[in-house]
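1. Quick check, what structure comes out for this input:
(chains A and B)
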Amino acid sequence: MKIIELKDIYFEYDREEGPVLRDFSLEEEAGEAVILRGGNGSGKTTLLRILNGLSFPQKGSYAFKGEKIDRDHLADNGRAKRFHKSVGYLFQNPDTMLFNSSVYDEIAFGPRQMGLRDEEADRRVEDLLSLFELRDIRDRVPYHLSGGQKKLVALASVVALDPEVLTLDEPFADLEKKRAAWLLDFLKELKASGRTLMIASHRDDLAGELNGREIEMRSL
Amino acid sequence: MQPMLPEWMKTSEEYVPPGDGGAFYYRTLRSLGGIMSRLRVESGREGRCSLPAWLKLLVLILYILLMSLARDRLCIMGLAAAGLMVLAMMPAKDIWSVLRPALLAGGLAAVLFAPAVIMDPGRLSNSLMVVVKVIMSVTAVGIFNRRTQWNHVTAALRRFRVPGVVIFLIDITFRFIVLLGNLMTEMLTALQLRSVGRNRKKYDSVGGIMGTVFLRGSEMNREMYEAMQCRGFTDDYKGL
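-> Numbering: from 1, shown residues only, chains lettered A, B, ... in the order given. Predicted coordinates:
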């Protein structure tokens, strides 16, 4: 089943600067991994923002599970929430994602809103603290963590929503070697569980490791 | 150790989001962040035959002073005509970007005066004059901002013997307000993406974002000051 369909996307931030994406089309099956590669300014982050309904292309269309995603569609609060629950986004800079007073609360932010029973929400957080090996820092303020720890806390807080699609912007940046190896294994597990991945990364080996498809993006 | 996904991640779930208000609240804050991030002081462009920045600054201060002190209607209209003439010589897209905040400020002034005018219609004329003064003063600042490079403004302030530390504070405030506005907008976007249900602690979330922006601002300030010290800064700021 096609989960993501982008057709002839044209996007520009500023008319004077010209387009970031032009005639860009992409189809992604559920459970597939797509790796976006390319230099700075090639449109990787812009594409991830479009996929998350944060930016809307001036031309072309984006459909998620057959539903057209545009400003009108996401104007409905309920539809927007369901969509954001289905598509998780890890920002390139994890600092922008962390605003709670402890790592525990940061991860619990999503599950607590989803209408889960308290014990169910707590179980999710405890599971993720163990999975991401964050137990030692559960009570620390996210703002004061190292870059790598912030990245993992931000990713855990996205995974806590249990999204079907994960869009990750440079997930390996700031991670030390051991943590990067763990993250790669985790992404393999996610893919094996049927989740769809869209990853912007500079790593050469990622497409091979995740048995995914690589898309080379270029500045226009 | 190989990561093992927890059970709840291995099963698919049907999610129906519980209803929740607060969209207006987040939208308002995002607009505020957007305004902050648009306060780009580098946007001023000078033509080849542009007046020196210090002279423009002097004219601006005089214009606002005259506009504020003027009581005669003819004098106010004359000043407004002069301001509009300068505005009319600017490119069309700059005219709108100058006029928009001026009209907003004028609108706000009109709203503030409305109760007084309703109570006593005889005050209408005076109130309109004040609204015109507000519009034209903001327009003058807008024209100056559009027509003067920021580094030339700091040089002009220096010429007027404004202490270096004051110029430094103004300069840093304007530079960082854009960055902090961007940070706030991004954080609210991230919050919105994860707000997939009913957030019972909206104020806590927004408070957390404000606190983080404040901390980041303070950290950026310290880092920049240290970087400047490493490059020989001796508290004597001459502007850029």
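2. Wait, B:Met220 touches B:Phe176, no?
-> Yes. When contacts are counted by CB atoms under 8 Å, B:Met220 is listed as touching B:Phe176 (6.0 Å). C-beta coordinates here come from the backbone N, C-alpha and C atoms, glycine included.
3. how far away is A:Lys191 from chain B?
-> From A:Lys191 over to chain B the distance is 11 Å, taken as CB to the nearest CB, to the nearest Å.
4. for the chain, what spans make up the helices?
-> You didn't say which chain, so I picked chain A. A:44-51, A:71-75, A:77-86, A:103-113, A:118-131, A:147-159, A:177-192, A:206-209 (DSSP state H).
5. oops, chain B please
-> Ranges of helices in chain B, per DSSP H, are B:23-37, B:53-69, B:73-88, B:92-119, B:124-147, B:150-159, B:164-194, B:202-230.
6. closest one to A:Asp169 among those helices?
-> helix B:164-194 (11.7 Å; CB to CB).
7. So is that closest one next to chain A?
-> Yes. Under the criterion of CB under 8 Å from any CB of the partner chain, chain A is reached by helix B:164-194 at B:Leu183, B:Glu186, B:Met187, B:Thr189, B:Ala190, B:Leu191, B:Gln192, B:Leu193, B:Arg194.
8. Contact partners for the fifth one?
-> When you say that, I think you mean B:Ala190. A:Tyr89, A:Phe91, A:Thr96, A:Met97, A:Phe99 (CB atoms under 8 Å, 6 or more residues apart in numbering or on different chains).
9. could you redo the last one with a cut-off of 10 Å?
-> By CB atoms under 10 Å, 6 or more residues apart in numbering or on different chains, the contact list for B:Ala190 reads A:54, A:89-91, A:93-99, A:154, A:157-158, B:209.
10. same check, this time on the third one
-> Taking CB under 10 Å, 6+ apart as the criterion, B:Met187 is in contact with A:91, A:95-99, B:29-30, B:33, B:205-206, B:208-210, B:212-213, B:216.
11. Now the buried members of those.
-> A:91, A:95-99, B:29-30, B:33, B:205-206, B:208-209, B:212-213, B:216 (16 or more other CB atoms under 10 Å in any protein chain shown).
12. how much space is there between A:Asn40 and A:Ala200?
-> Separation of A:Asn40 from A:Ala200 (CB to CB, to the nearest Å): 11 Å.
13. who has more neighbours, those two?
-> Taking other CB atoms under 10 Å in any protein chain shown, A:Asn40 and A:Ala200 do not tie; A:Ala200 has more neighbours (24 against 7).
14. how near is that one to B:Leu55?
-> Look at A:Ala200 and B:Leu55: by CB to CB, they are 49 Å apart.
15. now do A:Glu17
-> Using CB to CB, A:Glu17 is found at 33 Å from B:Leu55.
16. ok, now A:Ser146?
-> 51 Å.
17. With B:Asn199 instead?
-> 53 Å.
18. quick one, which of the two is more surrounded?
-> Each of B:Asn199 and B:Leu55 has its neighbours counted (other CB under 10 Å); B:Asn199 has more, 22 against 12.
19. isn't the more buried one right next to B:Leu191, touching?
-> Yes. Applying CB atoms under 10 Å, one finds B:Asn199 in contact with B:Leu191, separated by 8.7 Å.
20. per-residue confidence at the closest residue in space to B:Glu186 that isn't next to it in sequence?
-> Once flanking residues are discounted, B:Glu186 sits nearest to A:Thr96: 4.0 Å by CB to CB, 6 or more residues apart in numbering or on different chains. Listed pLDDT for A:Thr96 reads 91.
21. A:Thr96 touches B:Leu180, doesn't it?
-> No. At 11.9 Å, A:Thr96 does not count as touching B:Leu180 under the criterion of CB under 10 Å.
22. Give the residues shared as contacts by those two.
-> Going by CB under 10 Å, 6+ apart, residues that sit against A:Thr96 and also against B:Leu180 are B:Arg216.
23. quick revisit: for B:Met220 and B:Phe176, list the residues in contact with both.
-> In contact with both B:Met220 and B:Phe176: B:Leu183, using CB under 10 Å, 6+ apart.
24. quick check, nearest of the residues of helix B:164-194 next to chain A to B:Phe160?
-> B:Leu183 (32.9 Å).
25. Against A:Ala30, how distant is the closest one?
-> Going from B:Leu183 to A:Ala30 by CB to CB gives 34 Å.
26. More neighbours: which of these two?
-> Neighbour comparison, B:Leu183 and A:Ala30: the larger count goes to B:Leu183, with 23 against 14 (by other CB under 10 Å).
27. Give me the pLDDT value at that one.
-> Here the pLDDT value assigned to B:Leu183 is 88.
28. From what I see, it and A:Leu98 are in contact.
-> No. Look at B:Leu183 against A:Leu98 with CB under 10 Å: they stay out of range, at 11.7 Å.
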